[in-house]
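>>> Okay, here's the prediction I keep looking at, along with the sequence it came from:
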Amino acid sequence: MINNPYNYINPYMNNVQSMQQLQTQSQSPMQQGLIRVTGIEGAKAYQMYPNSTTALFDNNEDIFYVKSTDGAGFGTIKVYKFTAVEQETKTEQTTEDFVTRQEFEQLRQEVMNNGKQSISKRTNKDKSTNDE
């Protein structure tokens, strides 16, 4: 391909070859960052190659446009709004969510006492049924 620093399409070259040359040049690392437009009219006016898609960011509002072109270069635009995402902050757990060691020991003792009572009741039942 011929080096074409002025993006000039040579009328004597094949159109497909000319478009490929321009696309290769437009994909250079110099074109980085956001593409900004002014409103939907700016997005409509933004020129793109056929069969391409790009995001266009509005200068004045918190919206962006996704513009796509078909094989003939006709564009369609979808509009999206930015919304803030609330980040969850870690909430400190209060001591109300936990039991103290003393409360735990009281509960443990109650469970043990209830367990002993049910064992002794079963043992007494077993003795009474064996006595009959």
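Received, thanks.
>>> My guess is Lys67 contacts Gly73. True?
No - contact status for Lys67 versus Gly73: not in contact, 11.5 Å apart, counting by C-beta atoms under 8 Å. Just so you know, the C-beta spots here come from the backbone N, C-alpha and C atoms, and that holds for glycine as well.
>>> Between those two, tell me which one has more neighbours.
Neighbours per residue, other C-beta atoms under 10 Å: of Lys67 and Gly73, the larger number sits with Lys67, 20 against 12.
>>> Point me to the helix or strand that includes that one.
strand 63-69 (DSSP states H and E).
>>> That strand pairs with which strands, and in what direction?
Within its sheet, and counting by DSSP bridges, strand 63-69 is paired with strand 53-58 (antiparallel), strand 75-81 (antiparallel).
>>> Pull out the buried residues from stretch 68-78.
Within stretch 68-78, the residues that qualify as buried are 69, 75, counting by 16 or more other C-beta atoms under 10 Å.
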